[in-house]
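Visitor: Based on what follows, work out the 3D shape:
(2 chains)
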Number of protein chains: 2
Amino acid sequence: MVTNDDLLNLKAIVGEKFVSTGESVLNLHSHDESYHPPVLPDVVLWPHSTDEVSRVARYAFERKIPVTGWGVGTSLEGNPIPVNHGIVVDFQEMQKILSIRPEDFQVDVEAGVVYKELNKTLSRNGLFFPPDPGAAATIGGMIGNNASGIRTVKYGATKDYVMRLIVVLPGGQVLRIGNRARKSSSGYDLLHLFVGAEGTLGLITEATLKLAGLPANFMALRVTFPEVRKATDTVFQVMNSGLSPAAMEFMDSNVIGVLNRDRNLAMEESPTLLMEFNGFSDEGLKAEMTFIEEICRENGCTFIDKGIGKEERDRLWEMRYLTFESIKRQHPGLLPLIMDIAVPLSHYSNMAAFIKQEVGDLLAYVFGHAGDGNIHVIVMDLPSDRSRWSRVEEANRRIVEKALAFEGTCTGEHGVGIGKRCFLPDEHRESLELMKQIKNLIDPEGIFNPGKLFI
Amino acid sequence: MVTNDDLLNLKAIVGEKFVSTGESVLNLHSHDESYHPPVLPDVVLWPHSTDEVSRVARYAFERKIPVTGWGVGTSLEGNPIPVNHGIVVDFQEMQKILSIRPEDFQVDVEAGVVYKELNKTLSRNGLFFPPDPGAAATIGGMIGNNASGIRTVKYGATKDYVMRLIVVLPGGQVLRIGNRARKSSSGYDLLHLFVGAEGTLGLITEATLKLAGLPANFMALRVTFPEVRKATDTVFQVMNSGLSPAAMEFMDSNVIGVLNRDRNLAMEESPTLLMEFNGFSDEGLKAEMTFIEEICRENGCTFIDKGIGKEERDRLWEMRYLTFESIKRQHPGLLPLIMDIAVPLSHYSNMAAFIKQEVGDLLAYVFGHAGDGNIHVIVMDLPSDRSRWSRVEEANRRIVEKALAFEGTCTGEHGVGIGKRCFLPDEHRESLELMKQIKNLIDPEGIFNPGKLFI
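Guide: Numbers count the residues shown, from 1 in each chain, chains lettered A, B, ... in the order given. The predicted structure is shown next:
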């Protein structure tokens, strides 16, 4: 599909050293962290600027070559797998933090900037970009997926932080969208159309992000409960109490068990909540802590590990960040299917109970951003063993259907990619047709990240 | 344009009593609260359901009759003026609060529900819908305009509260968009495409709104300063201090003067800030108040009226809500041009200074949602006197151009309507073309609220 002539022309755009068809490079860009089968691209490019991305897009458009954007491949639904081969545009050479404006709580970045590096730099200004996907994702990938994570319950998702975008359309046209004011009612909201579009409408090359001030005071709690429902009922009550947790995470006893084994810890292997609260003063936080402890005790909690201060907070989250790695490491040879449903909070307890029942004797780990109604289930199994894997997929299907029956969504934060495409007709009904029409309007040749979102 | 046959057919859809061509009804639906010249519709309808709206839209589509949605006409840029005549769809018969779900902080409403009535009902559940446009707007109108107001600095704009929409498209097709989970990464974000589209893409008939819990503790401050820049510098410093005001409003001395005369008050006629803070405890609020007073004093404030408690809070806002009415009442026979620019906070002081200079000796009142970088200027004058009015328009043009040069927006919350269309090419550049393409995709006949947004 990509000819030698194409390679020469692409090299003329991005530079000889920034075009590769090497086997290891193609392999590296053939899969993400999901179980979805790898597909090799024909070529990987590392452009240096919006202009180069635009010229690549224009060239690909004329030659009808598929173009798929690439951050670092930490996605979980096959979102950047180049299923129709073609060109992968890797943003690793576009990692500049262009401008930090502490006075406006804003930063301009190139799409390849890694989230964790950005926050390291911003912390010197007392600022941070709150959506926290856990993984070492790039900003471009986070915007493409509308990523979120443990801080979303208080701070919102990526979509809430994007003020401006520079986007390259399939024909190579460059759009500058948005402004730097905190609010606007000027014309159609094109920003949100590109956020979460998973690179199917355009390639995001630069963004202006809203930032938050680093909180000054922290309170952290780890609380265990005798059963799942007691923990999830506590989530519901804390969220309805008027408090605003900065994080509210659930982990079932299997997750605690795997962390104990993998990290040599000795936590009580019971359903567990991790909570963080931020505040303007320690006095305020202490008043909140008393109140939260009361709710936990009323729900029969068996253990409370609590603390005030940044060290207590960091200790709490260290283990949470390791969950996915620990689970994978404890099951060598198996691959993960990761569910990502979200439901209204009032259904969270029933959803968690349904999940525990549906996964039965599968190797399943249930956890999630409980304050958002988001639940992940990681099932470790063998996709190559069809009879076993079809049981995993069947459980996934039933769990998504239940989430939709609860008026929730098939994906809270991982995106549609390949794995969730089959659920979109059910979730969006007649609206799916309008999504397809918009895709056709912007990408009439269907060459930007083909094979994703729509079946 | 609308024939007797059409009237008969429309009566068959919504019922004889809910179709009017009466002069006073047409007059009432010919203008909003702006200076834009009135245009009479051919007919006004009051449908009762999404199904009726859909059938009206389908009929209008077949006959190519313009269709413009109508809340209560409180908009400020001519947004619902039926400039091409045709049908006005008034949502007054769709005022049902369909379902309140306090457990999920959500409500389902019909588009015609009046914002203030909704919050009165919700307060019994300790909840409220935060975007506060001041006016007695309907929820449909607020969504159409992405309305916001004094609480936006803490709570966000209407767009941040829309979870689900039922939308009738120009051909009569009914779309159900969104879900009830607190977050989602499932497909393109169609919700935000319709929020703020001012009825040019679809008619919103129902919405599921996110709600917030009514705060328990309040602190309110009114602070006066010797000059505008001291006040606006204070805004910047408070917003950068790590505090999160629930409101942060600026008023110039002209506004205070007109309030004094109109309401028989005796406030110091100096640049003034109104601030509100909410908190979980009075202890926390008192710590914040000390800190804020310090910032105000450092900026040379001449007077601080402060208080803790709900009464103090209500007293503060009563006068703010009356501003527009008081200004109009003090200038009988004149009409208002209302500017609505927003800029990054770091430019707020310079923007305010530029405005004071540009309005010169015009009858101008400067105020705004300072914490959002949003400034309103109400100029009272005579649109019929071309030479005078062209001076007003010229000041408006220069002020918008300055806001755009500061990387802001021509409208923070009032929408584009008729008055801001001329600024969209400058603000959105190449993106405006994509907006037009989306308009053509969804409304190929151009019959939904024609003559708005685009020139």
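Visitor: rest of the way, CA atoms for contacts and neighbours
Guide: Noted.
Visitor: For the stretch 1-150 of chain A, what lies in contact range of chain B?
Guide: Neighbours of chain B within the stretch 1-150 of chain A, by C-alpha under 8 Å from any C-alpha of the partner chain: A:Glu103, A:Asp104, A:Asn145, A:Asn146, A:Ala147.
Visitor: Which of the residues you listed are buried? Put it as a PyMOL command.
Guide: Applied in PyMOL, the following selects the buried portion of these according to 16 or more other C-alpha atoms under 10 Å in any protein chain shown:
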select buried, chain A and resi 104+145+146+147
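Visitor: Would you check which pair of the residues of the stretch 1-150 of chain A next to chain B lies furthest apart?
Guide: A:Glu103 and A:Asn145 (28.3 Å; C-alpha to C-alpha).
Visitor: wait, does the longest helix along chain A make contact with chain B?
Guide: Taking DSSP state H as the criterion, chain A has its longest helix at helix A:386-405. No - Helix A:386-405 stays clear of chain B (C-alpha under 8 Å from any C-alpha), getting no nearer than 8.5 Å.
Visitor: counting contacts, what elements does that helix pack onto?
Guide: strand A:335-342, helix A:348-359, strand A:374-381 (3 or more C-alpha pairs under 8 Å, 6 or more residues apart in numbering or on different chains; DSSP states H and E).
Visitor: Return the most buried member of those.
Guide: Comparing those by mean neighbour count (mean count of other C-alpha atoms under 10 Å in any protein chain shown), strand A:335-342 comes out on top with a mean of 26.
Visitor: Quick one: distance of that one to the chain centre.
Guide: Centroid separation between strand A:335-342 and its chain, computed with C-alpha atoms, centre = their mean, to the nearest Å, is 12 Å.
Visitor: Can you pull out the residues in contact with it?
Guide: Applying C-alpha atoms under 8 Å, 6 or more residues apart in numbering or on different chains, the contact partners of strand A:335-342 are A:34-35, A:76, A:328, A:372-383, A:392, A:396, A:399-400, A:403, A:408-414, B:181-184.
Visitor: Give me the buried subset of those.
Guide: A:34-35, A:76, A:328, A:372-383, A:392, A:396, A:399-400, A:403, A:408-414, B:181-184.
Visitor: Which stretches in the stretch 101-250 of chain A count as strands?
Guide: A:106-110, A:127-128, A:162-168, A:174-178, A:203-210, A:212-213, A:217-224, A:247-251 (DSSP state E, counting those that start in this stretch).
Visitor: Okay, now the sheet partners of the fifth one, with direction.
Guide: To tie it back to what came earlier, the one meant is strand A:203-210. Here strand A:203-210 has these sheet partners by DSSP bridges: strand A:106-110 (antiparallel), strand A:162-168 (antiparallel).
Visitor: Test my guess that A:Pro344 contacts A:Phe406.
Guide: Yes - using C-alpha atoms under 8 Å, A:Pro344 is in contact with A:Phe406, at 7.2 Å.
Visitor: Counting neighbours, go ahead and name the busier of the two.
Guide: A:Pro344 (25 against 21; other C-alpha atoms under 10 Å in any protein chain shown).
Visitor: contacting residues for the nearest residue to the more buried one once chain neighbours are set aside?
Guide: What sits nearest to A:Pro344 in space, not counting adjacent residues and going by C-alpha to C-alpha, 6 or more residues apart in numbering or on different chains, is B:Ala181, at 4.6 Å. B:Ala181 is in contact with A:Ala342, A:Val343, A:Pro344, A:Leu345, A:Asp372, A:Gly373, A:Glu407, A:Gly408, A:Thr409, counting by C-alpha under 8 Å, 6+ apart.
Visitor: What residue in the stretch 151-300 of chain A comes nearest to chain B?
Guide: With C-alpha to the nearest C-alpha as the measure, A:Ser184 is the residue of the stretch 151-300 of chain A nearest to chain B, at 4.1 Å.
Visitor: and the closest residue to that residue other than its chain neighbours, what is it in contact with?
Guide: With sequence-adjacent residues excluded and distances taken as C-alpha to C-alpha, 6+ apart, A:Ser184 is closest to B:Gly412, at 4.1 Å. B:Gly412 is in contact with A:Lys183, A:Ser184, A:Ser185, A:Ser186, B:Asp340, B:Ile341, B:Ala342, B:Asn374, counting by C-alpha under 8 Å, 6+ apart.
Visitor: helices and strands of chain A: which one has the lowest mean pLDDT?
Guide: Taking mean pLDDT, DSSP states H and E as the measure, chain A has helix A:310-321 as its least confident helix or strand, at a mean of 82.
Visitor: Output the contacting helices and strands for that one.
Guide: Checking 3+ C-alpha pairs under 8 Å, 6+ apart, helix A:310-321 ends up next to strand A:217-224.
Visitor: hang on, the earlier thing: so the least confident helix or strand of chain A versus strand A:217-224, what angle?
Guide: If you take axes from the mean of the first three to the mean of the last three C-alpha atoms, to 10 degrees, helix A:310-321 sits at 50 degrees to strand A:217-224.
Visitor: For stretch A:354-363, the averaged confidence score.
Guide: The average pLDDT within stretch A:354-363 is 95.
Visitor: now the end-to-end length of that stretch.
Guide: Stretch A:354-363 has an end-to-end distance of 16 Å (C-alpha to C-alpha, to the nearest Å).
Visitor: same deal with stretch A:80-87?
Guide: Stretch A:80-87 end-to-end distance (C-alpha to C-alpha) = 11 Å.
Visitor: Centre-most residue in chain A?
Guide: The centroid of chain A falls nearest to A:Ala147 when counting by C-alpha atoms, centre = their mean (3.5 Å).
Visitor: wait, isn't it in contact with A:Thr158?
Guide: Yes - with contact defined as C-alpha under 8 Å, A:Ala147 reaches A:Thr158; the gap is 5.6 Å.
Visitor: Now do the same contact list for the residue of the stretch 151-300 of chain A closest to chain B.
Guide: B:Ala342, B:Thr409, B:Cys410, B:Thr411, B:Gly412, B:Glu413.
Visitor: out of the residues you listed, which one sits closest to B:Arg58?
Guide: Closest approach between these and B:Arg58, by C-alpha to C-alpha: B:Glu413, at 30.8 Å.
Visitor: next one: phi and psi at the closest one?
Guide: The phi/psi pair for B:Glu413 (degrees, to the nearest 10) reads phi -160, psi -10.
Visitor: where's it relative to B:Glu198, distance?
Guide: Taking C-alpha to C-alpha, one finds B:Glu413 at 12 Å from B:Glu198.
Visitor: got it, and A:Leu26?
Guide: A:Leu26 sits at a distance of 47 Å from B:Glu198 (criterion: C-alpha to C-alpha).
Visitor: neighbour count winner among the two?
Guide: Set A:Leu26 next to B:Glu198 and count neighbours by other C-alpha under 10 Å: B:Glu198 wins out with 31 against 18.
Visitor: and the closest residue to A:His85 other than its chain neighbours, what does it touch?
Guide: Take A:His85 and drop its neighbours on the chain: the residue closest to it by C-alpha to C-alpha, 6+ apart is A:Pro41, 4.2 Å away. A:Pro41 is in contact with A:Leu26, A:His29, A:Ser30, A:Pro82, A:Val83, A:Asn84, A:His85, A:Gly86, A:Ile87, A:Val88, counting by C-alpha under 8 Å, 6+ apart.
Visitor: which ones among these are found in strands?
Guide: In this view, these that belong to strands under DSSP state E are A:Ile87, A:Val88.
Visitor: can you list residues touching both of B:Glu413 and B:Glu198?
Guide: With C-alpha under 8 Å, 6+ apart, B:Glu413 and B:Glu198 have common neighbours B:Asn145.
Visitor: and the contacts of A:Pro41 as CSV, adding pLDDT and distance to B:Glu358?
Guide: Formatted as CSV, these follow (pLDDT from 0 to 100; distance: C-alpha to C-alpha, whole Å):
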residue, pLDDT, distance to B:Glu358
A:Leu26, 98, 60
A:His29, 98, 56
A:Ser30, 98, 59
A:Pro82, 98, 55
A:Val83, 98, 58
A:Asn84, 98, 58
A:His85, 98, 58
A:Gly86, 98, 56
A:Ile87, 98, 53
A:Val88, 98, 52
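Visitor: and A:Phe303, what are its bridge partners?
Guide: In this entry, A:Phe303 is beta-bridged to A:Thr224, by DSSP bridges.
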